[in-house]
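Trainee: Sequence and computational prediction follow.
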Amino acid sequence: MIRIVPLLAALVLIAAPAIAERVTIAPGEGMLAAALAAAGEGDEIILSPGRYDGPVTIDKSLTLTGQAGAVIDAHGTGSVVLVDAPDATVRGLHLTGSGRVHEPIDAGVKLTRRAHGARILDNVLTGNLVGIDVHGARNALVEGNRIQGLRLARMNDRGNGIYIWNAPGTEVIGNEVRYGRDGIFSNVSKRNVFRGNLFRDLRFAVHYMYTNDSVIEDNISIGNHLGFALMYSDRITAKNNISINDRDHGVMLNYTNQSDIFANFVTGGTGKCAFVYNSHRNIIAENNFVGCEIGVHFTAGSERNTITGNAFVGNRTQVKYVGTSDVEWSHEGRGNYWSDHPAFDLDGDARADSAYRPNDLMDHILWSQPAAKLLLGSPAVQLVRWSQSQFPAARTGGVVDSHPLTTAPVREVPDTIERMAQATPLWAQGESYDDTDPLEAH
């Protein structure tokens, strides 16, 4: 029995977990790399103000924290911080100077497949090809970072602010991304949440490719080429997003199915507030489409979509739809608001007493034969439009709202966002590169 007691004591000591340490280091050649090598699981390494050499690798579940003024500079080589361990945290640092190699994706922070549960918080990332690359890491959190991308002459030579690849469960919350290529590019992923981010002066604010069962909400896109591009993705919820002064489209659905596009606000002279291309069984409801060249361009056999409760206000063309059959844009007796529909509501049910057709025969002619625009003011055009309005048999197929609303849902934009939106976008200043059709590019 006497012999067993020391043995038990030894076993207890062996089994006892190591106590995590907090280590503060100062700048110096090799100091950061040495501290990472010496650290144990659960430790926190705190960087005092100053510059530290990168690239560095985190291969333990530890926390790397920067005090104000702490900078890690990779001097143009690789990724500034490579995280290759689960449950690691990178917080409060200024990360700069990644390489510019697109394969294997140099970044300010790169998370490998082993970095599940990583937390990238409150960092400033500048001068990197890609800001943050979540490359196969599950359940990562990217929150509160400020990312400023490269401004190379060719937009396709730039990297994305945040790149998500095959990273289920990733949450991207409250980040600011400006310049570079796309704000968030998500490819071959699922169950992601992108919430409360701000995107400015980019190609796409959010670019979805083959990303399913995910949420995009409360994001703001200002002055980009395209706001929210949902492509080849299913079961997406995109709600309460704002697109202001985006050049081509505010919201685009391309081969996107069974998704909810709800309570978004698009305004500011955009080419098309929304573009729906070969997308099916979606709900497009309670959105505001205001002041665009085209409110919604609806094409390529998109079918069985529910479109209700939206406000089409002051668009030069409210709807562009070319088809030979009628498509109903109301649901269970509730249609949409149309600012150019001079209708009465005699029974006071907030529904107009007459149906609304946003397009007529001349619209179809003008879309297929653009040269006919020269005749817009001619008596012949007016006669065709009057005849079609008087004789229903002369009508072509198109959008029909049988229960249009008489009041528009109101969406207010925060004052801070209004002030940002007053600046002239870079694309309007001539800084517009690689003008490719987003559909042709995929």
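Mentor: That came in fine, so what should we check first?

Trainee: in this structure, which spans are helices?
Mentor: 4-15, 31-38, 361-368, 379-390, 415-421 (DSSP state H).

Trainee: Poorly predicted segments of this structure, please.
Mentor: 1-18, 300, 323-324, 360-397, 431-442 (pLDDT under 70).

Trainee: So which residue is dead centre in it?
Mentor: Central residue of the chain (CA atoms, centre = their mean): Val206, 2.1 Å from the mean position.

Trainee: Show me what that residue is bridged to.
Mentor: Beta-bridge pairing of Val206 under DSSP bridges involves Ile184, Phe228.

Trainee: Val313 contacts His341, correct?
Mentor: No. Using CB atoms under 8 Å, Val313 is not in contact with His341, being 11.1 Å away. To be clear about C-beta, it is placed using only N, CA and C from the backbone, and glycine gets the same treatment.

Trainee: which non-adjacent residue is nearest Gly161?
Mentor: Val177 (3.4 Å; CB to CB, 6 or more residues apart in numbering).

Trainee: What's the local residue count around that neighbour?
Mentor: Neighbour count of Val177, defined by other CB atoms under 10 Å: 29.

Trainee: Could you do Ala35 as well?
Mentor: Taking other CB under 10 Å as the criterion, the count of residues near Ala35 is 20.

Trainee: Same check on Thr57?
Mentor: 18.

Trainee: contacting residues for it?
Mentor: 36, 81-84 (CB atoms under 8 Å, 6 or more residues apart in numbering).

Trainee: Could you take these and lay them out as JSON lines, with extra columns for neighbour count and distance to Leu47?
Mentor: Below are those laid out as JSON lines (neighbours: other CB atoms under 10 Å; distance: CB to CB, whole Å):
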{"residue": "Leu36", "neighbour count": "19", "distance to Leu47": "11"}
{"residue": "Val81", "neighbour count": "29", "distance to Leu47": "11"}
{"residue": "Leu82", "neighbour count": "20", "distance to Leu47": "17"}
{"residue": "Val83", "neighbour count": "29", "distance to Leu47": "16"}
{"residue": "Asp84", "neighbour count": "17", "distance to Leu47": "19"}
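
Trainee: Going by distance to Thr170, which of those wins?
Mentor: Proximity of the contacts of Thr57 to Thr170 (CB to CB) peaks at Val83, which lies at 13.4 Å.

Trainee: Make sure the closest one is actually in contact with Ala115.
Mentor: Yes. Using CB under 8 Å as the test, Val83 is close enough to Ala115 to be in contact (4.3 Å).

Trainee: list residues touching both of those two?
Mentor: Ala137.

Trainee: how close does Ile216 get to Ile25?
Mentor: 39 Å (CB to CB, to the nearest Å).

Trainee: Who has more neighbours out of these two?
Mentor: Each of Ile216 and Ile25 has its neighbours counted (other CB under 10 Å); Ile216 has more, 29 against 17.

Trainee: mind listing what that one touches?
Mentor: 194-195, 206, 208, 228, 230, 236-239, 241.

Trainee: Adding distance to Pro55, write the contacts of Thr57 out as TSV.
Mentor: Formatted as TSV, those follow (distance: CB to CB, whole Å):
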residue	distance to Pro55
Leu36	11
Val81	7
Leu82	6
Val83	12
Asp84	12
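
Trainee: Pick the one among those closest to Tyr356.
Mentor: Val83 (54.5 Å).

Trainee: and the closest one, what is it in contact with?
Mentor: 57-58, 90, 109-112, 115, 118, 137.

Trainee: hey, what's the residue lying closest to Gly183 once chain neighbours are set aside bridged with?
Mentor: Nearest residue to Gly183, sequence neighbours excluded (CB to CB, 6+ apart): Phe199, at 3.6 Å. Beta bridges link Phe199 to Val177, Ser221, judged by DSSP bridges.

Trainee: ditto for His94
Mentor: Residues in beta-bridge contact with His94 (DSSP bridges): Val71, Val124.

Trainee: wait, it sits on Asn123?
Mentor: Yes. Proximity of His94 to Asn123 meets the contact threshold set by CB under 8 Å, at 7.2 Å.

Trainee: what about Glu176, distance to Ser48?
Mentor: Look at Glu176 and Ser48: by CB to CB, they are 26 Å apart.

Trainee: Could you do Lys60 as well?
Mentor: 21 Å.

Trainee: same question, Asp182
Mentor: 35 Å.

Trainee: With neighbour numbers in mind, choose between the two.
Mentor: Neighbour tally, Asp182 and Ser48, criterion other CB under 10 Å: the higher count belongs to Asp182, 26 against 15.

Trainee: Thought Asp201 was touching the more buried one, still the case?
Mentor: No. Judged on CB under 8 Å, Asp182 makes no contact with Asp201 at a distance of 11.8 Å.

Trainee: Next, count neighbours for the nearest residue to Leu47 once chain neighbours are set aside.
Mentor: In space, and not counting its chain neighbours, Leu47 is closest to Ala70: 3.9 Å by CB to CB, 6+ apart. As a burial measure, Ala70 scores 22 neighbours (other CB under 10 Å).

Trainee: picking that back up, out of the contacts of Thr57, which is nearest to Phe298?
Mentor: Val83 (43.6 Å).

Trainee: Write down the beta-bridge partners of the closest one, one by one.
Mentor: With DSSP bridges as the rule, Val83 is bridged to Ile58, Leu111.

Trainee: now the residue nearest to Gly183: how far from His225?
Mentor: 11 Å.

Trainee: Compare these two and say which is more crowded by neighbours.
Mentor: In this view Phe199 and His225 are compared by other CB under 10 Å, and Phe199 has more residues nearby, 29 against 26.

Trainee: Contact partners for the more buried one?
Mentor: 161, 177-178, 183-184, 205-206, 219-222, 224.

Trainee: ok, of those, which one's closest to Glu303?
Mentor: For the contacts of Phe199, the nearest to Glu303 is Val206 (25.1 Å; CB to CB).

Trainee: who's in contact with the closest one?
Mentor: 182-184, 186, 194, 199, 216, 219, 221, 227-229.
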